[in-house]
Each structure stands twice: as structure tokens, then as C-alpha cells.
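>>> Any chance you can model this:
(2 chains)
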Amino acid sequence: MTRYVLRRLAQGAVVLWAAFTVTFAILYLLPSDPVELMASGGGEQSVIDPALLAELRAEHGLDRPPLAQYLHALGGAARLDFGRSYQSDAPATSLILDVLPQTLQLTVAGLALSVLLGVGLAVASTYPRTRWLRHALAALPPLGVSLPVFWVGLMLVQVFSFQWRLFPAIGNDGLASLVLPAVALALPTSASIAQLLARSLRQTLAEPYIETARAKGTGRARVHFRHALRNASIPALTVLGVSVGQLLSGAVVTETVFSRVGLGRLTISAVNTQDIPVVMAVVVFSALVFVVVALAVDLLYPLVDPRISLRRAPVAA
Amino acid sequence: MAAVEHLQPGASHAAGAVIPAPGRRWPASAARPVWHALRRSPGLTLSVLVLLGVAAWVVAPGLFTSADPITGVPAERLQGPSAAHPFGTDQIGRDLFARVVHGAALSIQATVVAVVVGLAVGTFLGLLAGFLRGWVDDVVGRVVDVLLAIPGLLLSLALVTVLGFGSLKVAVAVGITSVAAFARVMRSEVLRVSASVYVEAARSSGARWHAVLGQHVLPNASGPVLALVALEFGAAILAISALSFLGYGAAPPAPEWGSLVSEGRNYLAAAWWLATFPGLVIVAVVLSANRVARALERRVED
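As a prediction, this is how the structure comes out:
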């Protein structure tokens, strides 16, 4: 068990290192000059004093050869130091930590809601005996995955904030302001969970052991929830890492739509001003979240399906 | 330990239901079964019609609307949907339907560029990995893992940061994010086909590697890749419209679909149609692309 966890941690570290390297290559090695942008204040190109440019380059270490820059950045990243923001001069890491609680609230609420809606819809589209009802419900997930998050957000604001005045349209104070963003964020993700889980449920319900359970007189509900759902949830659990990534992407858009403070808004303003250290920190952070969730899911498997053991190699299936 | 191995995230299940299962060969005369499939499924027929309709908007927008998408009629500003203006008019009196129709060219061209970038780079990497195996396979595998570990939109945003703004740059940034999916499907297809008896027969009868590749591997691997093209087409429309909504697409007067929704954002209370209709068009096109993708997947599975 411990050996397994250690090995997975090492694998996760390799993925993180690779993610860092890819992002560094994109942000620092592609031909664009952050220093000139910094000096011109993000505005149009103007003639800038070369001495000032050289000074800025030296300050941010951009005058060194690429390999030295890379090793320096890698060493910093290992200590969670991604350099200082070009815009505000604050450390990129502390900028992220400042807004992280807001985004955490949103994504955790979004995740809870997507799992709830996704599982509910998957069960609802396989459980009823009525054929047309099952078909009608099964048509919802494909619709859900086709919805643009930003548009869903605006439609929710239009109906629930402007017409019915139930929830605030913008801001982040209190639970009421969290409802609409969380719903907008959760709808597409819940649809993809529902799609996957429903497909897996249908396959599981066709398995011989389900037939056996039914033959023994087990009730419909018990077969569905106790026998099928648990086994069917493995593929859905596997994509949880991807779902969380989807939610982080969605948070960028949702925070813009609802004018919420958070990681997404930080990212947008960093992209707009080409604030490379902040963009770098955000991307590596999102890869870290993915790796952690993937590891957590791996450790969860044995709880869901006791046939999976982390300790010993199983008998060949 | 081995039991967990095949269930690891980032391994074969990561994109879950959306990755087409490996299939058999793609029939040469596809026309008749296609016609049958269309007749059996009205939903699929409708989806194909929607996609053809949008393609017509791209090619000849003038056939569908005579209104000017860029200059408006100030006297007719902020009018609701009517017979004259099916989608209503915006704050400077431009016909929204005309803007959506003319915007199709921008949005769909960017989408096509994104899919082509993902398809070209992804299938090339997948082909290399599957054909050469060994360390090339390992390296490509790691690159794919990393591309999957970074959420798509954030990777696109990092690329946009250095590439700059504009329709084409956004398209490339979105295309890069779909490289991983194409590489993975192509690799598994190449492995599957390479292991088949007919490839072995071709090899043993002295066919050169490029002949094997061109005549056996590529044609037989194309089914699942084609289904993925349709799927990534829908995903690319969503990603591109999101980036264009955030303001990274074409500059303002250009009627890109995402930026049309974002223009409507300022008039949510006064003019509901401005944000609603362009969004509905996006949903219809993505839904249709996904429906076609599912039909293609099924053909491969049968």
C-alpha cells in the first residue's frame, strides 16, 4: 500500500514536472518579449529607453540563457515560488492564495452539484419502467454537454436575477451569490458525468450477475442501487480528475460572467496584461489539482470496488 | 497492483464515453448505409441539416439575409424579434440574425483550423508512437499525459498569452488542446491494425513500410478518427466561443458568435434576445456535431 502510494506520488511529480516544462516552453521560449510589454504598460508599441529594458530584464532574470532561466524557474517552482507578477510586483503564489478560497468555494459547490445532478440523471434515465420516459431523460445529457458555460450563466442571470429577482447577478457575498454561478458551472459537467454513468449503468445492468440477483427475487430498487450502481460508478470515478479540470476551466468563464473575485478573474487579467509569472503559476497549479485528484481517486477505488486491491497483484481476470 | 493500473486516470478511460471504441474497417461504399441511418433516425437527419445549413451560412451568407451585419439603422435599435428581424436588433440597430449568419464564417473557419491543427499534430504523433513504438511511444505518451493534466481552457489561455489575440491565434490555441485526444486514438488504432493478420501478410509478402502504412494502416484506422473529428468539432466551437466571449477573438465589430453573446451581456435586462439567440445557435451546432459523432462511433462499433 505505502509502496503503491509512493510510486503514484512519484508518477504525479513527473507529470507535474512535465507540465511545468511544457508551460515554461510555451510562455518563455516562444518569441514574445514580456519586458517590452512591461515597460510599455501593456499599451501600443512605443520607443522605450534600452537602458530601462536591460534593467528590467536583469531584475526578472530574463537576460540569462534559456537553460539557466529554466533551471532557476524550476528550482523556484519546487519551492512554490513562481516569481513576481509583472503588474503588481507581488509574488505570483501569494496572488493565487489570496483568491483561492473564493474559487475553492465555487468549484467545490460546482463539483457537489455536478455529482448530485449527474448521478441523479443517470439513475433517472435507467430506472423507470416506462420506455419513453427513459428515452426522454437519456436525451438530456447530450444537450447538457453542448451548453456553453458563459451562455448558461447569462441565461440564469436573465431569468433568476432580472426577471424573478431571486439571486444577485454579480459579486461574491454570501451563499445567495454562489447559487447561480455554481449551477452554471455544474450543468455541463453534470451532463458529462450523467452520460458516462448512464452508459456504464446500462452495461452493468446487462451483466449476468444482475440477472442472478433478479432471479433470486431481489427487488428492482435494490438491484439498481445496491448491485449495479456501485460497480457502474468506476468509469465515472475515473474521469473525476478530468471533471475537476473542466470545473477549473469553467470557473474562469463563470467568474467573468458573474464578476466574482477568484482564480479565474486573476487568470484573465494576467492573460490580458501578459503577466507571465502569474499565468505560469495558475497553469501549474491546475495541473497540481489534477494530479492530486487523480491520486485521491486511485486510493478511493478499493472502497468502491473491493475487488480492486492496491496491495497485491490480483489473480489474472 | 495491475488491477489498478488499467483504471488509472489519464489512461484509457480519461476521456471516457467520448473516445470511440476501436472498430473494424470503414466500408468503401458508404452512401447507402448512410441513407438508411438518416431515414431511421430523425434526430440525426436534423443534425445533418443543421450542419449543412451553417455550412451554407459560411459559403453564401448573402442568400440568407440582406441586412448589413456591420452598419446598423439607428432608428431600429433594440427591437425585439419580428418578421423583419427574426433575432431582433442590437443597440445600434444592426440586425442580429444578419450578424449571426455573417459571423458563421469567422466562427466556423476558426473551428475548422482548430480541428485541423489537432488532427494533423495529433494523428502524426499517434502514428509515430504506434508505428515506431519504443522510446518514441513513451515520449508521446508522456506529452499526452501532460496535455490531459492541464485543463483545456487554461492551456489555451497560456498560448493566447504569448501568441496574442485574434481569431486565428485562438484557433491554434484551441487546436493544441485537442492534440492529446487525436494522438491517443490514432496510436491505439495503429497498434490494433498493425497486429492484424492482413498487415502481417502484407509485410511478409515484401510490402514496404510506406505501402503498408498508406494502403492498410491509415484506411483502416480512419473510422474512429473520423468520429473524433466530429466530436472535437463540437468541442472546438465551445472552446473558441468561450475565448471569443472573454474577448480574445476577432476585434469588436466582427460578429464572432462568442463575442455576440458577450455584447448582449450588457443588455440582459433590456433586450433578452441579444445574448439568447447567438447562444442558441452555438448550442444547436454543437449538439448536431455531437449527434453526428455518436452516429459515426456507432458505425465503427457495428
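>>> Any idea how many residues pack against the residue of the stretch 1-150 of chain A found nearest chain B?
Going by C-beta to the nearest C-beta, chain B is nearest to A:Ser146 of the stretch 1-150 of chain A, at 4.0 Å. In this view, the C-beta of every residue, glycine as well, is placed from N, C-alpha and C. Using other C-beta atoms under 10 Å in any protein chain shown, A:Ser146 is surrounded by 23 other residues.
>>> My guess is it contacts B:Leu287. True?
Yes: contact criterion C-beta atoms under 8 Å: A:Ser146 and B:Leu287 qualify, at 4.2 Å.
>>> Helices of the stretch 201-317 of chain A, start to end?
Under the criterion DSSP state H, counting those that start in this stretch, the stretch 201-317 of chain A contains helices at A:208-215, A:220-222, A:230-238, A:240-257, A:263-272, A:276-304.
>>> Which of the ones you listed comes out lowest on mean pLDDT?
Ranked by mean pLDDT, these bottom out at helix A:230-238, with a mean of 85.
>>> helices or strands up against it?
Packing contacts for helix A:230-238, counted by 3 or more C-beta pairs under 8 Å, 6 or more residues apart in numbering or on different chains; DSSP states H and E, involve helix A:92-124, helix A:176-205, helix A:276-304.
>>> So for B:Leu78, which of those helices sits nearest?
helix A:176-205 (24.8 Å; C-beta to C-beta).
>>> buried set for the closest one?
A:177-202, A:204-205 (16 or more other C-beta atoms under 10 Å in any protein chain shown).
>>> wouldn't B:Ile237 be in contact with B:Val285 here?
Yes: using C-beta under 8 Å, B:Ile237 is in contact with B:Val285, at 5.9 Å.
>>> Can you give the domain ranges for chain A?
Here the domain assignment for chain A is A:12-78, A:92-304, based on automatic domain parsing.
>>> just to revisit the earlier point, from the helices of the stretch 201-317 of chain A, which stretch is densest packed?
helix A:240-257 (a mean of 25; mean count of other C-beta atoms under 10 Å in any protein chain shown).
>>> quick revisit: distance to chain B for the helices and strands packed on helix A:230-238 - can I get that in a markdown table?
Below are those laid out as a markdown table (distance: least, C-beta to the nearest C-beta, whole Å):
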| stretch | distance to chain B |
| --- | --- |
| helix A:92-124 | 11 |
| helix A:176-205 | 5 |
| helix A:276-304 | 4 |
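>>> Pick out the residue nearest the middle of the chain.
As the question left the chain open, I've gone with chain A. A:Gly245 (2.1 Å; C-alpha atoms, centre = their mean).
>>> Chain B was what I was after
For chain B, the residue nearest the mean C-alpha position is B:Phe233 (1.2 Å; C-alpha atoms, centre = their mean).
>>> Quick one: residues contacting it.
B:Thr111, B:Val115, B:Ala289, B:Ala293 (C-beta atoms under 8 Å, 6 or more residues apart in numbering or on different chains).
>>> Tell me the pLDDT of the second one.
What it means is B:Val115. For B:Val115, the predicted pLDDT is 96.
>>> Now find how far off-centre the helix or strand hosting it is within its chain.
B:Val115 is part of helix B:96-132 when elements are defined by DSSP states H and E. Relative to the centre of its chain, helix B:96-132 is centred 6 Å away, using C-alpha atoms, centre = their mean, to the nearest Å.
>>> Could you list the buried residues of that helix?
B:96-108, B:110-111, B:113-115, B:117-119, B:121-123, B:125-131.
>>> For it, name the packing helices and strands.
Checked by 3+ C-beta pairs under 8 Å, 6+ apart, helix B:96-132 has helix B:42-59, helix B:134-149, helix B:167-177, helix B:179-194, helix B:218-245, helix B:257-264, helix B:273-301 packed alongside it.
>>> avg pLDDT for stretch B:207-216?
Averaged across stretch B:207-216, pLDDT comes to 84.
>>> Count the neighbours of the nearest residue to B:Ile70 once chain neighbours are set aside for me.
Excluding its sequence neighbours, the residue lying closest to B:Ile70 (C-beta to C-beta, 6 or more residues apart in numbering or on different chains) is B:Pro253, at 5.4 Å. For B:Pro253, the neighbour count with other C-beta under 10 Å is 11.
>>> B:Pro253 belongs to a strand, doesn't it?
No: counting by DSSP: H, G, I helix; E, B strand; the rest coil, B:Pro253 is not part of a strand but coil.
>>> From B:Pro151, how far out is it?
Applying C-beta to C-beta, to the nearest Å, the value for B:Pro253 to B:Pro151 is 31 Å.
>>> Then A:Ser233?
23 Å.
>>> quick one: pLDDT of B:Val18?
For B:Val18, the pLDDT comes out at 44.
>>> thinking again about what came up before, so what does the residue of the stretch 1-150 of chain A closest to chain B look like in phi/psi?
phi -90, psi 0 (degrees, to the nearest 10).
>>> show me what contacts it?
By C-beta under 8 Å, 6+ apart, the neighbours of A:Ser146 are B:Gly234, B:Leu238, B:Val283, B:Val286, B:Leu287, B:Asn290.
>>> go with 10 Å
A:188, A:191, B:234-235, B:237-238, B:282-291 (C-beta atoms under 10 Å, 6 or more residues apart in numbering or on different chains).
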